[in-house]
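A.B. asks: Pasting the sequence and the predicted coordinates here, then a few questions.
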Amino acid sequence: MARFVLVHGAFHGAWCWEPLAAELSAAGHDVQTFDLPGSGEDETPVADVTLDAYVERIGAVLAEQPGPVVLVAHSMGGVPVTQAAVRWPERIARLIYVAAFLPGDKQSLVDLTQLPEGAGDMVQEHMHVDGAPPVASLPRDIAIEAFYGRCTPEQAEWAADRVRPQALAPFVTPVELGREERVAATRPPRAYVISAHDRALPTALQRRLARDNPGMDVVELDADHSPFLSRTSELAAALATLAEPVPAI
């Protein structure tokens, strides 16, 4: 059995993993979820919600674990876990991106959305930005269409009730991965789960990110941006399979 730590994406919180965490736990896996700063039930002030704060929160959770974990990131969560993997590679047995941004050195989330394959990103197209520091929000109908297009109406409503505004600083801050030799030497094994019907992080961009990072195991699901809700069992099975090379707890 594997030890999973699940990192949520933008506008979400640990709550989004509840169905998946229950399924993985029922199969005998150990599962840890948590809120990133300013997300879910976390009340960190917007001014303190930064990419580095995200990375430090991930590091603190990893430090609580008795051994290396399978670190799973969704969507925006792929950016801070990429940075965390450089800082604490010894704490990560495998890194799995689920419909997630996977930046290279000195790339930010926004940089990746500007690639040609990022066309059709409903989040970038429809989010409203206000305030200083800036915070983004999405209209409820857009959030449902972008994130939960293949969920049941009940699942979509349950999730949309919990979506909250998102600080923009982690979107625009690039990761610092250092020299490529160092990255290659310390990088944990990685894998990517592509969602084939994604309107938030376009499927074409996911496929490019997988191609641009050779050597990863890749699985594709018939899912929207939220396979943890719309394809819970399929995602649980994929994660369990991808985690198989990791030593048992």
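C.D. replies: Structure's in. What do you need? Please read these numbers as outputs of a predicted model, since none were measured by experiment.
A.B. asks: CA atoms for contacts and neighbours, from now on please.
C.D. replies: Noted.
A.B. asks: So for the protein, the centremost residue is which one?
C.D. replies: residue 74 (2.0 Å; CA atoms, centre = their mean).
A.B. asks: Alpha carbons of stretch 150-166, in PDB - could you do that?
C.D. replies: Output in PDB follows, covering the C-alpha atoms of stretch 150-166 (Å, rounded to 0.1, in the frame of the first residue of the first chain):
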ATOM      1  CA  ARG A 150     -18.800  15.600 -16.600                       C
ATOM      2  CA  CYS A 151     -19.900  15.500 -12.900                       C
ATOM      3  CA  THR A 152     -23.400  14.800 -11.900                       C
ATOM      4  CA  PRO A 153     -25.500  17.900 -11.200                       C
ATOM      5  CA  GLU A 154     -25.400  17.000  -7.500                       C
ATOM      6  CA  GLN A 155     -21.600  16.700  -7.500                       C
ATOM      7  CA  ALA A 156     -21.300  20.000  -9.400                       C
ATOM      8  CA  GLU A 157     -23.500  21.900  -7.000                       C
ATOM      9  CA  TRP A 158     -21.800  20.400  -4.000                       C
ATOM     10  CA  ALA A 159     -18.400  21.500  -5.300                       C
ATOM     11  CA  ALA A 160     -19.500  24.900  -6.600                       C
ATOM     12  CA  ASP A 161     -20.800  25.700  -3.100                       C
ATOM     13  CA  ARG A 162     -17.300  25.400  -1.800                       C
ATOM     14  CA  VAL A 163     -15.300  27.200  -4.500                       C
ATOM     15  CA  ARG A 164     -13.800  30.400  -3.100                       C
ATOM     16  CA  PRO A 165     -11.700  33.300  -4.500                       C
ATOM     17  CA  GLN A 166      -8.100  32.700  -5.400                       C
END
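A.B. asks: in that stretch, what counts as buried?
C.D. replies: Neighbour-count burial for stretch 150-166, counted by 16 or more other CA atoms under 10 Å, picks out 150-151, 156, 159-160, 163-166.
A.B. asks: re the thing from before, beta partners of the residue nearest to the centre of the chain?
C.D. replies: residue 98 (DSSP bridges).
A.B. asks: The lowest-mean-pLDDT helix or strand in the chain: what's the following helix or strand?
C.D. replies: Lowest by mean pLDDT, DSSP states H and E among the helices and strands of the chain is helix 180-186, with a mean of 52. Counting by DSSP states H and E, the next helix or strand C-terminal to helix 180-186 is strand 190-195.
A.B. asks: Quick one: mean pLDDT for that next one?
C.D. replies: Regarding strand 190-195, the rounded mean pLDDT is 98.
A.B. asks: Tell me the helices and strands packed up against it.
C.D. replies: strand 92-98, helix 203-211, strand 217-221 (3 or more CA pairs under 8 Å, 6 or more residues apart in numbering; DSSP states H and E).
A.B. asks: I'd like to know which elements the shortest one is packed against.
C.D. replies: The reference is to strand 217-221. strand 190-195, helix 232-242.
A.B. asks: strands paired with that strand, and their directions?
C.D. replies: strand 190-195 (parallel).
A.B. asks: could you dump the strand it pairs with to PDB, C-alpha only?
C.D. replies: As requested, the backbone C-alpha atoms of strand 190-195 are provided in PDB (Å, rounded to 0.1, in the frame of the first residue of the first chain):
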ATOM      1  CA  ARG A 190       7.100  11.500 -12.000                       C
ATOM      2  CA  ALA A 191       3.800  10.600 -13.800                       C
ATOM      3  CA  TYR A 192       0.900  12.500 -15.400                       C
ATOM      4  CA  VAL A 193      -2.800  11.800 -15.500                       C
ATOM      5  CA  ILE A 194      -4.400  13.600 -18.400                       C
ATOM      6  CA  SER A 195      -8.100  14.600 -18.400                       C
END
